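Engineer: return atomic coordinates for the entry below.
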Amino acid sequence: MKRLGIFGGTFNPPHLGHLIVARHVARRLSLERVFFVPSFISPHKRKGEDQLSKHRLTMVKLAVAGDPLFEVWEGEMKRKGPSYTYRTLEEFAKRFPKTHLFFLIGADNFPDFRRWMLPDRILELATLVVMSRPDFKLPRTEKRRNPAIRFLRVPAVDTSSSLVRNATKKKDPIVGLVPPDVVEYIRRHKLYR
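Structural biologist: Numbers count the residues shown, from 1 in each chain. Next comes the predicted model:
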């Protein structure tokens, strides 16, 4: 049975931490591929993400270009409107039958998971992989209650999309925080100023 990872998010912008943790999870769980799925409008994030949707999609493509482990799926961008995980997983289940799907989220998103649209449907369609984050402890008891949830320690990467946006706004260098092609794209399009 194939094993595929799905890494959803706003990726505003994608940074090296996203790539590092996705690669770590792929290695630990023997995933054949990890799909990066940029949301059009995340129900959990701030408003205005849709205004940068084309830029975010392009930056994710630049970030993963040339890496055979990673692929970008544009389904949520094409669907428009709020991006609900269960819909995306249903599409993946149709597209990849007889495949074990793993949906990757950061530990900072896990406390709100039960408030997501149809969380039980998500757990029917995929194993939820909760990745450690600095400043967020992984719960120890949840796995006993639900085997469809896995907690993984991933390398602690001291960067975030908000850190990159703030650095860009202050005209601080972002080299070493995001892939070089993304640095150039942000500069060329004057994003986050």
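
Engineer: quote the end-to-end distance of stretch 135-152.
Structural biologist: Criterion Cα to Cα, to the nearest Å; first-to-last residue distance in stretch 135-152 is 15 Å.

Engineer: mean confidence for it?
Structural biologist: Stretch 135-152 shows a mean pLDDT of 75.

Engineer: over to stretch 15-29?
Structural biologist: In this model, stretch 15-29 has a mean pLDDT of 98.

Engineer: CA atoms of it as PDB?
Structural biologist: What follows is stretch 15-29, C-alpha atoms only, in PDB (Å, rounded to 0.1, in the frame of the first residue of the first chain):
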ATOM      1  CA  HIS A  15      10.200  28.600   4.800                       C
ATOM      2  CA  LEU A  16      13.100  26.100   5.200                       C
ATOM      3  CA  GLY A  17      11.400  24.700   8.400                       C
ATOM      4  CA  HIS A  18       8.500  23.400   6.300                       C
ATOM      5  CA  LEU A  19      10.900  21.500   4.100                       C
ATOM      6  CA  ILE A  20      13.000  20.100   7.000                       C
ATOM      7  CA  VAL A  21      10.000  18.800   9.000                       C
ATOM      8  CA  ALA A  22       8.300  17.300   5.900                       C
ATOM      9  CA  ARG A  23      11.500  15.500   5.000                       C
ATOM     10  CA  HIS A  24      11.900  14.200   8.500                       C
ATOM     11  CA  VAL A  25       8.300  12.900   8.700                       C
ATOM     12  CA  ALA A  26       8.700  11.300   5.300                       C
ATOM     13  CA  ARG A  27      11.700   9.400   6.400                       C
ATOM     14  CA  ARG A  28      10.200   8.400   9.800                       C
ATOM     15  CA  LEU A  29       7.000   7.200   8.300                       C
END
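
Engineer: which residues does the top helix by length along the chain contact?
Structural biologist: With secondary structure taken from DSSP state H, the chain has its longest helix at helix 16-29. Under the criterion Cβ atoms under 8 Å, 6 or more residues apart in numbering, residues 3, 5, 7, 9, 11, 31, 33-34, 36, 63-64, 67, 69-70, 102, 104, 129, 131, 150, 152, 154-155, 157, 159-160, 176-179 lie in contact with helix 16-29. Every residue, glycine included, has its C-beta placed from N, CA and C.

Engineer: three-state assignment of residue 36?
Structural biologist: When classified by DSSP: H, G, I helix; E, B strand; the rest coil, residue 36 comes out as strand.

Engineer: what's across from it in the sheet?
Structural biologist: Going by DSSP bridges, residue 36 is paired in beta bridges with residue 7, residue 72.

Engineer: contact partners for it?
Structural biologist: So residue 36 contacts 7, 9, 11, 14, 18, 22, 60, 63-64, 70-73 (Cβ under 8 Å, 6+ apart).

Engineer: let's go with 6 Å and repeat that
Structural biologist: Contacts of residue 36 were listed using Cβ atoms under 6 Å, 6 or more residues apart in numbering, and they are 7, 60, 64, 72.
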